[in-house]
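Trainee: task: produce atomic coordinates for the following.
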Amino acid sequence: MKRIALGLALAAVPFLLTPSASAQGAGDKVQKVVIQVSDNDPVRMNLALNNASNVTATLGLDNVLIEIVAYGPGLDLLLKDSKYAPRLQSLFAGGNVKYGICHMTMKARHLTEADLIQADYAQKSIVPAGVVRIMELEQQGYSYIRP
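Mentor: Next up, the predicted model:
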């Protein structure tokens, strides 16, 4: 039993000695994050926006790439009459935060691009499927967040 505990403790040493991204210095590596929004729940939507704000505030806007992928009921976050438009504007102003919109959801809900937030600040792309977009981003090294 002591050998197992010692083995586990020794296996953890490299992880304990490796500095975190924030300890290394934010400029060492651009951090990539994908945030899933799939619920029309104000608590979750606010939490997703808080997550994006906290990441950029902690690491610096120049040190992060964030994509908010909205699908299903979560697409309401990005509709033109969204109450979250002012928060979205402040997030997207730096250019390193963009959003992916699920085309399947748009089609199912009979939405067009005119129904989405229309603003100069918004970097958007309509993707075939939100879940597939998240998978693609994870394969590109993005960290996955689902509030």
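Trainee: which strands and helices lie in contact with the longest helix along the chain?
Mentor: Among all segments of the chain classified by DSSP state H, the helix with the greatest residue count is helix 42-59. Packed against helix 42-59 by the contact rule (3 or more Cβ pairs under 8 Å, 6 or more residues apart in numbering; DSSP states H and E) you find helix 21-24, strand 31-37, strand 64-70, helix 85-92. All C-beta spots, glycine's among them, are computed from the backbone N, C-alpha and C.
Trainee: now do 6 Å
Mentor: strand 31-37, strand 64-70 (3 or more Cβ pairs under 6 Å, 6 or more residues apart in numbering; DSSP states H and E).
Trainee: for residue 64, what are its contacts?
Mentor: Residue 64 makes contact with 31, 55-56, 96, according to Cβ atoms under 6 Å, 6 or more residues apart in numbering.
Trainee: okay if I get the helices and strands packed on helix 42-59 as JSON lines plus distance to residue 102?
Mentor: Converted to JSON lines, the helices and strands packed on helix 42-59 look like this (distance: least, Cβ to Cβ, whole Å):
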{"stretch": "strand 31-37", "distance to residue 102": "10"}
{"stretch": "strand 64-70", "distance to residue 102": "7"}
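Trainee: picking up where we left off before, so the longest helix of the chain versus strand 64-70, what angle?
Mentor: Put simply, helix 42-59 runs at 170 degrees to strand 64-70, going by axes from the mean of the first three to the mean of the last three Cα atoms, to 10 degrees.
Trainee: run the chain-centre distance for helix 42-59.
Mentor: The chain centre lies 9 Å from the centre of helix 42-59; the measure is Cα atoms, centre = their mean, to the nearest Å.
Trainee: how about the CA coordinates for that helix, as PDB?
Mentor: Only the C-alpha atoms of helix 42-59 are listed here, as PDB (Å, rounded to 0.1, in the frame of the first residue of the first chain):
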ATOM      1  CA  PRO A  42     -30.500  33.600 -18.300                       C
ATOM      2  CA  VAL A  43     -28.300  32.100 -15.600                       C
ATOM      3  CA  ARG A  44     -26.300  30.000 -18.000                       C
ATOM      4  CA  MET A  45     -26.100  32.700 -20.600                       C
ATOM      5  CA  ASN A  46     -24.800  35.200 -18.100                       C
ATOM      6  CA  LEU A  47     -22.300  32.600 -16.800                       C
ATOM      7  CA  ALA A  48     -21.100  31.900 -20.400                       C
ATOM      8  CA  LEU A  49     -20.500  35.700 -20.900                       C
ATOM      9  CA  ASN A  50     -18.900  35.900 -17.400                       C
ATOM     10  CA  ASN A  51     -16.600  33.000 -18.400                       C
ATOM     11  CA  ALA A  52     -15.500  34.800 -21.600                       C
ATOM     12  CA  SER A  53     -15.000  38.100 -19.700                       C
ATOM     13  CA  ASN A  54     -13.000  36.400 -16.900                       C
ATOM     14  CA  VAL A  55     -10.700  34.600 -19.300                       C
ATOM     15  CA  THR A  56      -9.900  37.800 -21.300                       C
ATOM     16  CA  ALA A  57      -9.500  39.800 -18.100                       C
ATOM     17  CA  THR A  58      -7.200  37.300 -16.500                       C
ATOM     18  CA  LEU A  59      -5.000  36.400 -19.600                       C
END
